[in-house]
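[1] sequence first, predicted coordinates after that:
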Amino acid sequence: MERTLAEGGVLFLQVGATKDDQGRLLPMGCLLLEHLRGMGLTLQNRVIWTIGHGLTPRRRLAARHEVALILSKGEPAHFNVNAARIAQKQPGKRAFKGPRRGQLSGHPLGAHPTDVWNDIANIGHNHPEKTGHPAQFPSALVERAVRLYTMPGELVCDAFDGSGTTTATAKREGRSFIGADLFYEDMRAQRLAATRMGTVCKLPGVTDESVAVWQAEAVASGHIAAGASKKTQQLVMDIC
Ligand SMILES: C[S@@+](CC[C@H](N)C(=O)[O-])C[C@H]1O[C@@H](n2cnc3c(N)ncnc32)[C@H](O)[C@@H]1O
């Protein structure tokens, strides 16, 4: 992966835990990080993906997170933060000091995303994306990585593509795709055939509440006439 990664490209490496040859627990992120750094890759983030369900061991805490290492070759060519913003906890919050005192302090498109991804369900038996693959990942996980670090038309590669989660996500997001797996070829082909390219680019940090707050602000500051229709208000907001 390091050899074929383009300059500015990003490796999103989802890692779990394994056991060493003496049966001791070994998180793979710890095992691999120094090797990956030794190849010249730069660690950008260590994402904690929290999961709601899993095995419950008898004498140990139940593992309810997985880790993704995000590494780049040089500086990442893209960081499309707006594609991964999260809802503001208080969209109406205002600066209480400094030159922006009294003004809305948040970003209109939502808060800066963090390295804790706690809004993505893992694939349990009743998950709508469930295929016959025993270790399938949710599309939402791949989608966030693809949107953050690539532009439409760019190439996404998954060498362990399994049921085709990355293939299908890349197609839906308008990216080119190359990949492999030892097995599950028919499963991937079916999934790809059933996937259509998306036509909507979502802004996940924008909520009805935040839009209402910023529209009210635009009216109050005279950017939008108080009597303007909702359509005009939306248009002005879009331009802003
Ligand atoms: C955790 S699963 C990936 C699941 C996939 N992300 C999905 O959502 O379906 C890991 C995959 O790696 C594949 N695999 C294991 N060793 C491999 C190898 N040497 N070359 C290619 N694929 C391999 C397995 O067949 C398995 O499908």
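    Great, that's in hand.

[2] going forward, measure contacts and count neighbours with C-alpha atoms only.
    Fine.

[3] how much space between Pro76 and the ligand?
    23 Å (C-alpha to the nearest ligand atom, to the nearest Å).

[4] I meant to write Arg59 there.
    As judged by C-alpha to the nearest ligand atom, Arg59 and the ligand stand 26 Å apart.

[5] go on, Val219?
    Distance from Val219 to the ligand, by C-alpha to the nearest ligand atom: 46 Å.

[6] what about Gly110, neighbour count?
    Residue neighbour count, defined by other C-alpha atoms under 10 Å, stands at 22 for Gly110.

[7] tally of neighbours for the closest residue to Gly52 other than its chain neighbours?
    Leaving aside its chain neighbours, Gly52 sits nearest to Arg64 (6.4 Å; criterion: C-alpha to C-alpha, 6 or more residues apart in numbering). Neighbour count for Arg64, taken as other C-alpha under 10 Å: 14.

[8] my guess is Arg64 contacts Ile48, does it?
    No - using C-alpha atoms under 8 Å as the test, Arg64 is too far from Ile48 to be in contact (9.8 Å).

[9] quick check: residues of this protein near the ligand?
    Within the chain, the residues that sit near the ligand (C-alpha under 6 Å from any ligand atom) are 135-137, 159-165, 180-183.

[10] tell me which two of the residues you listed sit farthest apart.
    Phe137 and Leu182 (16.8 Å; C-alpha to C-alpha).

[11] between the two, which one's more packed in?
    Phe137 (22 against 9).

[12] what sits against that one?
    122-123, 165 (C-alpha atoms under 8 Å, 6 or more residues apart in numbering).

[13] and which of the residues you listed is nearest Ala216?
    Using C-alpha to C-alpha, Asn122 comes nearest to Ala216 of those, at 37.9 Å.

[14] let me know whether the closest one touches Ile51 as I believe.
    Yes - contact criterion C-alpha under 8 Å: Asn122 and Ile51 qualify, at 5.9 Å.

[15] ok, and the closest non-adjacent residue to the spatially most central residue of the chain?
    With distances taken as C-alpha atoms, centre = their mean, Arg144 lies nearest the centre of the chain, 2.1 Å away. Once flanking residues are discounted, Arg144 sits nearest to Ala84: 6.4 Å by C-alpha to C-alpha, 6+ apart.

[16] can you get me a residue count around the one you found?
    By the criterion of other C-alpha under 10 Å, Ala84 has 23 neighbours.

[17] care to break the chain down by domain?
    In the assignment given by automatic domain parsing, the structural domains of the chain cover 10-84+109-193, 208-239.

[18] worst average pLDDT in those?
    With a mean of 77, domain 208-239 has the lowest mean pLDDT of the domains of the chain.

[19] buried set for the top helix by length along the chain?
    Secondary structure of the chain per DSSP state H: the longest helix is helix 208-220. Using 16 or more other C-alpha atoms under 10 Å as the test for burial, helix 208-220 gives 210-211, 213-218.

[20] alright, calling it a day.
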